[in-house]
Every structure is written in structure tokens, then in C-alpha cells.
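Enquirer: Sequence and predicted structure below; questions after.
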Amino acid sequence: MIGFYDYTVVLTYFSLLSAMTGIIVSLSGSGHPYYGCLFLLFCGLFDAFDGKVARTKKGRTKMEMDFGIQIDSLSDLVAFGVLPACIGAALIRVSPYLTRVLEGMTVRWEIASGKFLLHACLVLYVLAALIRLAYYNVTEEERQQTESGSRKEYLGLPVTSAALVFPFVLMLQYLTKADITLAYMAVSLLTGALFISPISVRKPGMRGILIMVGIGAVEFFLLLFWKVIVK
């Protein structure tokens with residue numbers, strides 16, 4: 001078989017499998033965005049450590065390293081680009097507020113245009129994630145030609161931040177008892193804009209990664225508790 005299958009890439013593969021499961025769950029039946037969001041958090045957990053695990057192997061060939069870089073970006077596009085968009089699409093389908101608004105419309109084109117604008121927010125978000133990842137790959141390749149070691153900061157918000165941003169938005173549904181669908185679309189546009197904005201974001205060290213993992217764990221258990229137990 002072509003490709004690589006050792007432990008250096010297994011977390012990236014798990015991230016993609018989790019992302020695809022989340023997409024399927026989110027879009028199944030009438031839509032299950034909250035369960036999809038749980039898989040998004042798993043993607044964030046796998047991504048937090050995949051690079052560090054890969055670097056523990058000594059003597060990796062250039063092909064192995066290049067392969068790891070490529071599949072990491074491809075997996076990130078699905079996990080932190082497409083999956084959040086599918087969660088948003090599922091929210092549109094189950095939103096009680098939007099259902100009432102659309103039922104109150106009498107002209108079919110108004111209903112279609114309203115849904116189109118909401119879905120357009122998600123499409124633009126995925127496009128921004130794609131551009132951000134491609135730009136990072138190009139600039140990282142150029143940097144490695146003149147510098148050694150890992151970079152100290154990122155230009156633009158990393159797409160992996162979606163693993164914490166969107167679960168927090170969905171938590172607002174339980175904290176405020178309000179329909180958060182429109183807020184989700186607004187946050188997706190803002191997050192997408194930050195992906196491609198020329199802002200400097202310091203790369204977190206192990207302490208920062210562990211803090212983010214802790215935040216993700218809290219979000220996971222709160223979402224699971226509210227959805228499964230409290231409902």
C-alpha cells in the first residue's frame with residue numbers, strides 16, 4: 001500500500017475519522033449538531049499532540065516528514081473547516097427560531113434567499129480555512145529553507161482554534177436558552193476573517209496546549225451533560 005501507517009501519523013488519521021463521523025452524525029436525520037460538536041472536540045484533542053508524537057521518531061525520511069505535513073493540513077481542512085460548517089448546516093435545520101421565521105414567509109424566494117445567506121456564511125468560512133492552511137504550508141516551506149526549529153508565532157488565527165470556538169457557541173444554547181443559530185453564523189464569519197487576517201498569534205507551548213485541552217474537556221463534558229442528561 002502507498003502512504004505511511006506508523007505511530008507518527010495515527011493521531012492525524014484518528015482526527016480525520018472523528019471529523020468524518022461528526023459530519024455524518026451532524027447531517028443524519030433531522031440534524032444532530034451537538035453530537036457533531038463532540039467529535040469536533042475529539043479532533044482538537046488529536047491535533048494537539050499529533051505533531052509532538054511525530055517528532056519523537058528519530059531518523060524520519062524527508063518523504064515521511066513531507067507526508068505528515070500534507071495529511072495534517074488535509075485533515076485540518078475537514079476537521080476544522082468542513083465539520084464546523086456541517087454543524088452550522090445542521091443548526092439551520094433544527095433551529096426553532098428560523099423555522100418560525102420561515103413559516104411566516106409567504107414568498108418562496110424569500111425563504112430560499114434567507115437559507116442561502118445562512119449557508120453562504122458557512123461556505124465562506126470553509127474557503128477562509130482553506131486559504132489559511134494553504135498560506136501556512138507555503139510560508140512554512142519557505143521559512144524552513146532559511147530557519148531551523150519550529151516557528152514561534154503564527155500569522156492569522158490557526159484553524160485548529162475552531163475546536164474550542166464553536167463548542168463554546170453551542171454551549172450558549174443552554175446558558176441563555178436562546179436560539180444561537182444566527183450567533184453561530186456570525187461567529188463563523190468572524191472566525192473565518194481571523195483565519196486570513198494578518199494578526200500574529202503566539203504558538204503555544206506544552207503548558208498552553210494542556211490548558212486548551214483542559215478547556216476542551218470542560219466543554220465536552222458540559223455539552224454531553226446538558227444534551228444527554230439534562231436535555
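Expert: The structure has been received and is ready for your questions. Residues are numbered from 1 along each chain as shown.
Enquirer: show me what contacts the residue nearest to residue 82 when sequence neighbours are not counted?
Expert: Leaving out its chain neighbours, the residue that sits closest to residue 82 by Cβ to Cβ, 6 or more residues apart in numbering is residue 126, at 6.0 Å. From N, CA and C alone the C-beta is placed, and that goes for glycine too. Residue 126 is in contact with 77, 81-82, 85, counting by Cβ atoms under 8 Å, 6 or more residues apart in numbering.
Enquirer: Show me what whichever strand or helix holds residue 214 is packed against.
Expert: For residue 214, the host element (DSSP states H and E) is helix 206-224. Counting contacts by 3 or more Cβ pairs under 8 Å, 6 or more residues apart in numbering; DSSP states H and E, helix 206-224 is packed against helix 33-54, helix 162-176.
Enquirer: Quick check: buried residues in it?
Expert: Buried residues in helix 206-224, counted by 16 or more other Cβ atoms under 10 Å: 212-213, 215-216, 219-220, 222-223.
Enquirer: tally of neighbours for residue 73?
Expert: For residue 73, the neighbour count with other Cβ atoms under 10 Å is 18.
Enquirer: Look up phi and psi at it.
Expert: phi -70, psi -40 (degrees, to the nearest 10).
Enquirer: So residue 212 versus residue 128, what's the distance?
Expert: 21 Å (Cβ to Cβ, to the nearest Å).
Enquirer: Once you drop chain neighbours, what's closest to residue 159?
Expert: Of all residues not flanking residue 159 in the chain, residue 80 sits nearest, at 4.4 Å (Cβ to Cβ, 6+ apart).
Enquirer: if I pick the one you found, what's in contact with it?
Expert: Contacts of residue 80 (Cβ under 8 Å, 6+ apart): 40, 43-44, 47, 129, 159-163.
Enquirer: Next: residue 40.
Expert: Residue 40 neighbours (Cβ under 8 Å, 6+ apart): 19, 22, 79-80, 83-84, 87, 162-163, 166-167.
Enquirer: The longest helix seen in the chain: what's the following helix or strand?
Expert: As assigned by DSSP state H, the longest helix anywhere in the chain is helix 108-146. Moving toward the C-terminus from helix 108-146, the next helix or strand (DSSP H and E) is strand 153-155.
Enquirer: Count the neighbours of the closest residue to residue 140 other than its chain neighbours for me.
Expert: Nearest in space to residue 140, with sequence neighbours left out and distances taken as Cβ to Cβ, 6+ apart, is residue 151 at 7.1 Å. Neighbours of residue 151 under the rule other Cβ under 10 Å: 13.
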